[in-house]
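Engineer: structure for this input, please:
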Amino acid sequence: MTTADGTVESDQLRREFKEHHVSMIAVAGAIGTGLIIGTGTGLVRGGPGSLLVAYSVVGAVVFFVMTALGEMATMYPMDKGFGGYATRFVDPALGYATGWNYFFKYAVVLANNLTAAGIIIQYWRPDLNVAIFVTVFLVVIISVNLLHVSFFGEAEFWMSSLKLLVMVTLILTCFIISMGGQPSHKRIGFAYWKDPGAFGSYLLKGDKGRFLGWWAAMIQSTFAYTGTEVVGVAFGEAPNPKKTIPKAIRQTLGRIVFFYIIGALTLGMAVPYTNDRLIGGTKQKTGAGASPFVIAVQLAGIPIFPDVINACLLVFVLSAANSDIYIGSRTLFGLAHDRQAPEVFKRTNRSGVPIWGVAFTSAFAALAYMNASKSSSQVFGYLVSLVTVFGALNWINVLVTYIQFVRGLRAQGIPRSAMPYRGSLQPYGSYFALFMTILLIFFNGYAAFIPSFTTSTFITSYIGVVIYLGNIAFYKIWRRTQYVRPAKMDLTTGRLE
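Structural biologist: As a prediction, the model looks like this:
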């Protein structure tokens with residue numbers, strides 16, 4: 001039934017993502033400014049050794065999060081997102097908190113990515129205001145999201161393909177530079193791991209400083225990996241979940257190893273963590289000068305390349321902003337299905353797009369105009385810190401839901417051999433991942449206490465946890481929800497054998 005405003009009274013998404021759409025989102029979906037720019041922060045604080053260890057450890061955490069999600073999604077595919085699984089297997093209150101945290105994370109990051117796009121353009125036209133480009137890019141991205149889901153998938157496929165090409169080029173460039181392929185033909189190898197060294201000190205000196213440097217790299221790598229689970233939202237619109245989802249998860253592992261771990265290794269070979277340009281770069285706004293990969297090229301004396309990388313960064317952030325609206329609208333769709341958001345968010349247009357979800361998510365782009373001024377940019381940076389905590393909290397949500405799901409299978413005598421997909425080292429890997437993620441969140445704000453207490457750092461590091469727990473308590477009291485006992489868990493509806 002079509003309404004007067006042109007929307008369709010339908011409450012189902014269309015499963016019209018092609019397999020190559022889901023695969024590309026799995027491989028390139030989360031690659032963005034956290035990796036290509038934020039890696040510099042981890043390098044300058046912890047050194048190349050700490051950076052490599054951090055990306056490896058957090059990469060393992062992310063892989064276990066993805067395989068846990070994959071096991072649930074292949075056995076019980078649904079289009080309600082992560083909150084839908086939390087509602088079904090744990091408690092509707094957890095589903096409520098999961099969904100809204102995930103929505104706000106992407107709604108705020110949308111504004112950040114749009115502003116980053118505007119600032120990148122200012123690399124060439126500093127005389128123009130960021131707000132001009134924010135407006136232009138916002139109109140384009142909203143238009144793409146309102147079109148048929150297969151068109152969105154195709155657009156994201158090509159942008160993600162370019163992102164992959166750029167990252168492969170940057171990683172190979174760093175490796176070639178370190179092997180003597182630069183104009184001076186000087187072979188660097190692991191020389192920077194010896195002088196100035198593999199492990200840097202942060203905030204304190206000596207062993208304590210090196211430990212804090214490593215932990216700073218752990219926090220930064222968490223930010224870079226946040227969003228890797230984006231492909232899990234696309235699972236709801238993927239045909240043939242038994243085939244598509246396991247393949248997407250394998251590709252996620254490949255991305256973690258190559259783009260993050262090998263990327264961190266080659267970057268640490270090409271740039272000394274004590275370089276002044278690196279320190280200055282990490283303090284700049286998003287732009288070519290802020291990327292440690294650009295600094296590697298500058299140190300090698302390669303001309304013109306910074307302009308090329310800057311243009312590629314523009315594709316990075318626009319692709320991320322494109323995905324932000326998609327994920328935010330689908331998260332609202334799932335919340336509305338569970339009656340945890342207004343029913344208007346279930347409405348789809350003729351193309352099967354949740355149009356009001358797209359509109360509400362896009363409204364948060366207004367925050368990008370606040371970021372056009374320098375003082376507002378500092379405030380907005382606090383919001384990004386908050387969103388990072390929300391991202392890690394959503395890893396916890398997936399892991400807690402999965403562990404409860406496994407308990408339900410055991411209680412009802414369903415063997416793991418009956419599952420269409422079984423992840424490596426599961427369910428034990430999820431316990432490790434849960435432990436590490438809790439540690440990362442709990443000690444996320446350690447810098448607020450060293451060398452002296454900093455109120456702003458403390459608030460932005462932990463207010464996300466307060467909001468998250470508040471969401472759970474609010475919904476628990478308001479709806480009087482009940483904890484789902486393993487023996488009574490619904491493991492029949494919608495099950496794929």
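Engineer: spit out the contact partners of M75.
Structural biologist: M75 is in contact with 419-421, 495-496, counting by Cβ atoms under 8 Å, 6 or more residues apart in numbering. C-betas here are computed from N, CA, C, even on glycine.
Engineer: mind doing that once more with 7 Å?
Structural biologist: M75 is in contact with 419-420, 495-496, counting by Cβ atoms under 7 Å, 6 or more residues apart in numbering.
Engineer: let me know the closest of these to L94.
Structural biologist: R495 (21.4 Å; Cβ to Cβ).
Engineer: dump the residue contacts of that closest one.
Structural biologist: 75-76.
Engineer: what are the buried residues along stretch 66-75?
Structural biologist: Of the residues in stretch 66-75, those buried under the neighbour-count criterion (16 or more other Cβ atoms under 10 Å) are 66-75.
Engineer: meant to ask about stretch 162-182
Structural biologist: Judged by neighbour count (16+ other Cβ under 10 Å), stretch 162-182 contains these buried residues: 163-164, 166-167, 170-171, 173-175, 177-178, 182.
Engineer: least confident pick among those?
Structural biologist: Among those, Q182 has the lowest pLDDT, at 77.
Engineer: tell me the one of the buried residues of stretch 162-182 nearest K247?
Structural biologist: Out of these, the one with the shortest distance to K247 is L164. That distance is 16.3 Å, counting by Cβ to Cβ.
Engineer: quick check: the closest one is in a strand.
Structural biologist: No - under the criterion used here (DSSP: H, G, I helix; E, B strand; the rest coil), L164 is helix, not part of a strand.
Engineer: which of the contacts of M75 has the weakest pLDDT?
Structural biologist: Of all those, L496 has the smallest pLDDT value, namely 70.
Engineer: that's a strand at that residue, yeah?
Structural biologist: No - when classified by three-state DSSP, L496 is found to be coil rather than part of a strand.
Engineer: can you tell me how far it is from G423?
Structural biologist: Taking Cβ to Cβ, to the nearest Å as the measure, L496 falls 16 Å from G423.
Engineer: more crowded one of those two?
Structural biologist: A count of neighbours by other Cβ atoms under 10 Å puts G423 above the other of L496 and G423, at 21 against 13.
Engineer: who's in contact with the closest residue to the more buried one other than its chain neighbours?
Structural biologist: Closest residue to G423 apart from its sequence neighbours, by Cβ to Cβ, 6 or more residues apart in numbering: T67 at 2.8 Å. Contact analysis of T67 by Cβ under 7 Å, 6+ apart lists 249, 423-424, 426, 429.
Engineer: and the residues you listed as CSV, adding distance to F137?
Structural biologist: Below are those laid out as CSV (distance: Cβ to Cβ, whole Å):
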residue, distance to F137
I249, 31
G423, 37
S424, 40
Q426, 40
G429, 39
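Engineer: selection in PyMOL covering whichever of those are buried, please.
Structural biologist: The buried residues among the contacts of T67 can be selected in PyMOL (16+ other Cβ under 10 Å) with this line:
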select buried, resi 249+423+426+429
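Engineer: tell me which of the contacts of T67 fall in strands.
Structural biologist: Using DSSP state E to define strands, no part of the contacts of T67 is located there.
Engineer: A321: which of the contacts of T67 is nearest?
Structural biologist: Among the contacts of T67, I249 lies closest to A321 (Cβ to Cβ), at 25.1 Å.
Engineer: turn the buried residues of stretch 66-75 into CSV, including pLDDT, distance to F364 and secondary structure.
Structural biologist: Putting those into CSV (pLDDT from 0 to 100; distance: Cβ to Cβ, whole Å; DSSP: H, G, I helix; E, B strand; the rest coil) gives the following:
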residue, pLDDT, distance to F364, secondary structure
M66, 87, 26, helix
T67, 88, 31, helix
A68, 90, 29, helix
L69, 87, 25, helix
G70, 85, 29, helix
E71, 86, 32, helix
M72, 87, 29, helix
A73, 84, 27, helix
T74, 84, 32, helix
M75, 84, 34, helix
